[in-house]
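In: turn this into a model:
(2 chains)
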2 protein chains.
Amino acid sequence: MKKIAVSIGDLNGIGIELALRNHTSLSKAAEIYYCIDQTMLAQAANLLHIPIPENFQTVENSAAPFTIQPGTIDAQSGAYSYASFQKAVNMAKESEVDAIVTLPIHKKAWELAGISYKGHTDALRDLFDAEAIMMLGCPQMYVALFTEHIPLRDVANSITETDLTRFLLDFYQTLKPQNSVAVLGVNPHAGDGGVLGDEERIIEKAIQNAHCSIGYHIFDGPLVPDVAFIPQTRAHYTHYIAMYHDQGLAPLKALYFDEGINISLNLPILRTSVDHGTAFDIAYSGSKLSSLSYQNAIKYILESAIIQ
Amino acid sequence: MKKIAVSIGDLNGIGIELALRNHTSLSKAAEIYYCIDQTMLAQAANLLHIPIPENFQTVENSAAPFTIQPGTIDAQSGAYSYASFQKAVNMAKESEVDAIVTLPIHKKAWELAGISYKGHTDALRDLFDAEAIMMLGCPQMYVALFTEHIPLRDVANSITETDLTRFLLDFYQTLKPQNSVAVLGVNPHAGDGGVLGDEERIIEKAIQNAHCSIGYHIFDGPLVPDVAFIPQTRAHYTHYIAMYHDQGLAPLKALYFDEGINISLNLPILRTSVDHGTAFDIAYSGSKLSSLSYQNAIKYILESAIIQ
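Out: Numbering: from 1, shown residues only, chains lettered A, B, ... in the order given. From the prediction side, this is the model:
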């Protein structure tokens, strides 16, 4: 049975409720370690009126306990969520677990706690000094992003043969895909033979380079971006590589918003995450939560052949 | 009952089959004039083994009859489809009909026939010397494109306050929307307060200008592009304005590929079109065709309050 460390996220948000409510079903398939101490767990469970499941295994971290204030941006809660994340990362680094799942943190709470990272992925890149690949999606469709959080005007110039070749090879090495992977073009109609932009030539060259190195054909493209996500094309692919943020994420979220997860690839450890935030507006309120994203984050690890 | 002229498209393609098969049901709601002469109609119906409906009203055009060769790119067929389109446009210009629906032409066949336009919209812009607005979609969701067929690297610089203000006002004037219209940002997270690009300031200013001129609030935005198409956001909007081609069309086609139509707004005449091509590979083959796009193209006119 695979071992997974779950960092508990911001305890003023919905993460702990997701962990408690889904433990019984998920623990049948995985050995889960929750990076939260007994005091904080008891406090949260009490506030939520959810009994703590018997085999709910906790792991202490270095942060001080504090009083949970549902839906509040708070430095202590920020510090706690970072310490929980650090603990989970260390467990994976030390091979005590196979992978980690992160529950949502609040960026502002990290900032208040004096933590300079903008989020988990940012922190992981720095902690491992590695070119993490961000991939989002669900079993029907995953999208890896070649460029991420940059202005649209900088996208075209960021597509270089060297960088894209390296990205494709990293993607291949870390995922070892069994089926063809769709690589998107960047311009309307994939440039229409150069009339609407010529970055597709660079993409073609990078794909060729990658195939030369891999030894066989695995990347299809550059695909026409607005046709790549129609049902007939989706029937051929589970994995896409998008050249920029909204190119991949707008169709993905249009189709599979509630189910999506965020996966960090190409790091010494495997990390998945829910693709939603702390939902402070409904935390500890009794509102019904969707667990699909959290369940998929766990399932991805169980079904993954990736061994870091 | 509204009057509609249908240009028959490339007769070597699937357009005429769509017209014949859907006539009986559509003619209950609209008075349709098909821009095809009796000889060509008889030839196509014979090849298709479809009887010509009794009240199938034809209108002659200036092109010479020719021998239909299913699935073939042909100069005579190109010339015929252009003459049929010209006839439909003229009927609308002369107010003999309320609007026109165009069946698909083949660009290469137009080129072989010496017609320099790349397609219907291109021709309409030139014929009317007007800033046509291209809108695509179906009753659940329409997307109008602020920029269309330009390289992605040129998008950011094309967003100017003057042009976007004019576009928003043209859109408002031609459609008179009853409900709020979603205007997309251009950068990831709509710029995240300027950190990921600052074109959103221009979009905000253009929206303000448009509201000043209109006198009330109708445009929401700039919306975060990858969140704009999730189900929860779509519940609020039927009409979107996208800053560039794939931003709007990738989510639209992911969700509603078979149903989509193409609408030319802000012209002296109203024109709708199927959002698919001539499908030469299945023309006259007995393959089952989807009529959804054609039916929606007709319905849009019937339900439209737009009077040119």
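In: wait, a strand at A:L252?
Out: No. Judged by DSSP: H, G, I helix; E, B strand; the rest coil, A:L252 forms no part of a strand; its state is helix.
In: which one is it nearest to, not counting chain neighbours?
Out: In space, and not counting its chain neighbours, A:L252 is closest to A:V143: 5.1 Å by C-beta to C-beta, 6 or more residues apart in numbering or on different chains. For every residue, glycine as well, the C-beta is placed using N, CA and C.
In: pretty sure the one you found is touching A:D246, no?
Out: No. The criterion here is C-beta atoms under 8 Å, and A:V143 misses it with A:D246 at 10.8 Å.
In: between those two, which is the more surrounded one?
Out: Between A:V143 and A:D246, A:D246 has the larger neighbour count (other C-beta atoms under 10 Å in any protein chain shown), namely 30 against 23.
In: can you give me the buried ones in stretch A:280-290?
Out: Residues of stretch A:280-290 classed as buried by neighbour count (16 or more other C-beta atoms under 10 Å in any protein chain shown): A:280, A:282-284, A:289.
In: which residues touch A:G78?
Out: Listed by C-beta atoms under 8 Å, 6 or more residues apart in numbering or on different chains, the contact set of A:G78 reads A:10, A:105-106, A:108-113, A:115.
In: any chance of a PyMOL selection covering the buried ones in the residues you listed?
Out: What follows is the PyMOL syntax for the buried subset of the contacts of A:G78, where burial is set by 16+ other C-beta under 10 Å:
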select buried, chain A and resi 10+105+106+109+110+112+113+115
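In: sorry, back to before: farthest-apart pair in the buried residues of stretch A:280-290, please.
Out: A:F280 and A:L289 (12.9 Å; C-beta to C-beta).
In: tell me, how many residues neighbour A:T162?
Out: Around A:T162 sit 10 other residues, with neighbours defined as other C-beta under 10 Å.
In: ignore what I typed, I meant A:L124.
Out: Residues near A:L124, counting by other C-beta under 10 Å: 21.
In: contacting residues around it?
Out: A:89, A:130, A:132, A:264, A:267, A:269, A:271.
In: mind listing the helices for the stretch 101-250 of chain A?
Out: A:107-112, A:120-128, A:155-158, A:161-175, A:199-214, A:231-234, A:245-256 (DSSP state H, counting those that start in this stretch).
In: now those helices as CSV including distance to A:S95 and mean pLDDT?
Out: Below are these laid out as CSV (distance: least, C-beta to C-beta, whole Å; pLDDT from 0 to 100):
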stretch, distance to A:S95, mean pLDDT
helix A:107-112, 27, 92
helix A:120-128, 15, 94
helix A:155-158, 35, 98
helix A:161-175, 18, 97
helix A:199-214, 28, 98
helix A:231-234, 37, 96
helix A:245-256, 32, 97
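In: winner for burial among the ones you listed?
Out: helix A:245-256 (a mean of 26; mean count of other C-beta atoms under 10 Å in any protein chain shown).
In: and the next helix or strand past that one?
Out: Helices and strands here follow DSSP states H and E; after helix A:245-256, the next one along the chain is strand A:261-265.
In: mind giving me the packing neighbours of that following strand?
Out: helix A:120-128, strand A:133-138, helix A:161-175, strand A:271-274, helix A:292-303 (3 or more C-beta pairs under 8 Å, 6 or more residues apart in numbering or on different chains; DSSP states H and E).
In: how about a cut-off of 7 Å?
Out: Applying 3 or more C-beta pairs under 7 Å, 6 or more residues apart in numbering or on different chains; DSSP states H and E, we find strand A:261-265 packed against strand A:133-138, strand A:271-274, helix A:292-303.
In: CA atoms of the helix or strand hosting A:L47 as PDB?
Out: In the assignment (DSSP H and E), A:L47 maps to helix A:38-48. Coordinates of each C-alpha in helix A:38-48 appear next as PDB, following Å, rounded to 0.1, in the frame of the first residue of the first chain:
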ATOM      1  CA  GLN A  38      -3.200  16.000  18.100                       C
ATOM      2  CA  THR A  39      -4.100  19.300  19.800                       C
ATOM      3  CA  MET A  40      -5.000  21.100  16.500                       C
ATOM      4  CA  LEU A  41      -6.700  18.000  15.200                       C
ATOM      5  CA  ALA A  42      -8.900  17.800  18.200                       C
ATOM      6  CA  GLN A  43      -9.800  21.500  18.000                       C
ATOM      7  CA  ALA A  44     -10.700  21.300  14.400                       C
ATOM      8  CA  ALA A  45     -12.700  18.100  14.700                       C
ATOM      9  CA  ASN A  46     -14.600  19.600  17.600                       C
ATOM     10  CA  LEU A  47     -15.400  22.800  15.700                       C
ATOM     11  CA  LEU A  48     -16.600  20.700  12.700                       C
END
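In: continuing past that helix, what's the next helix or strand?
Out: strand A:57-58.
In: who does that next one pair up with?
Out: strand A:31-35 (parallel) (DSSP bridges).
In: tell me how far the partner strand is from the chain's mean position?
Out: 18 Å (C-alpha atoms, centre = their mean, to the nearest Å).
In: for stretch A:168-186, same thing?
Out: Centre to centre, stretch against its chain (C-alpha atoms, centre = their mean), the figure for stretch A:168-186 is 17 Å.
In: okay, now the domains of chain A?
Out: A:1-130+A:267-308, A:132-266 (automatic domain parsing).
In: and which of the contacts of A:G78 is nearest to A:Q76?
Out: Closest to A:Q76, out of all of the contacts of A:G78 and judged by C-beta to C-beta, is A:A113, at 7.5 Å.
In: shouldn't that closest one be in contact with A:Y82?
Out: Yes. The pair A:A113 and A:Y82 qualifies as a contact (C-beta atoms under 7 Å) at a distance of 6.4 Å.
In: just the endpoints, please. Distance across stretch A:181-201?
Out: 18 Å (C-alpha to C-alpha, to the nearest Å).
In: next one: stretch A:20-37
Out: End to end - C-alpha to C-alpha - stretch A:20-37 spans 14 Å.
In: flag every buried residue along it.
Out: A:20-23, A:26-27, A:30, A:32-37.
In: that stretch: how far from the chain's middle?
Out: 19 Å.
In: likewise stretch A:25-40?
Out: On C-alpha atoms, centre = their mean, the centre of stretch A:25-40 falls 19 Å from the chain's centre.
In: repeat for stretch A:41-57
Out: 26 Å.
In: which residues are contacting it?
Out: The contact list for stretch A:41-57 (C-beta atoms under 7 Å, 6 or more residues apart in numbering or on different chains) reads A:11, A:16-17, A:20-21, A:23-24, A:27, A:32-34, A:58, A:68, A:284.
In: my read is that A:K108 contacts A:D74, right?
Out: No. Assessed by C-beta under 7 Å, A:K108 is found out of contact with A:D74, at 9.6 Å.
In: separation between the residue nearest the centre of chain A and A:L136?
Out: Nearest residue to the geometric centre of chain A (C-alpha atoms, centre = their mean): A:N262, 1.9 Å. As judged by C-beta to C-beta, to the nearest Å, A:N262 and A:L136 stand 5 Å apart.
In: who touches both of these two?
Out: By C-beta under 7 Å, 6+ apart, the residues touching both A:N262 and A:L136 are A:D275.
In: and the stretch 1-150 of chain A, which residues reach chain B?
Out: Contact residues, the stretch 1-150 of chain A versus chain B (C-beta under 7 Å from any C-beta of the partner chain): A:149-150.
In: rerun at 10 Å
Out: Within the stretch 1-150 of chain A, the positions adjacent to chain B are A:118, A:136, A:141, A:145, A:147-150 by C-beta under 10 Å from any C-beta of the partner chain.
In: filter those down to the buried ones.
Out: Judged by 16+ other C-beta under 10 Å, buried ones among the residues of the stretch 1-150 of chain A next to chain B: A:136, A:141, A:145, A:147, A:149-150.
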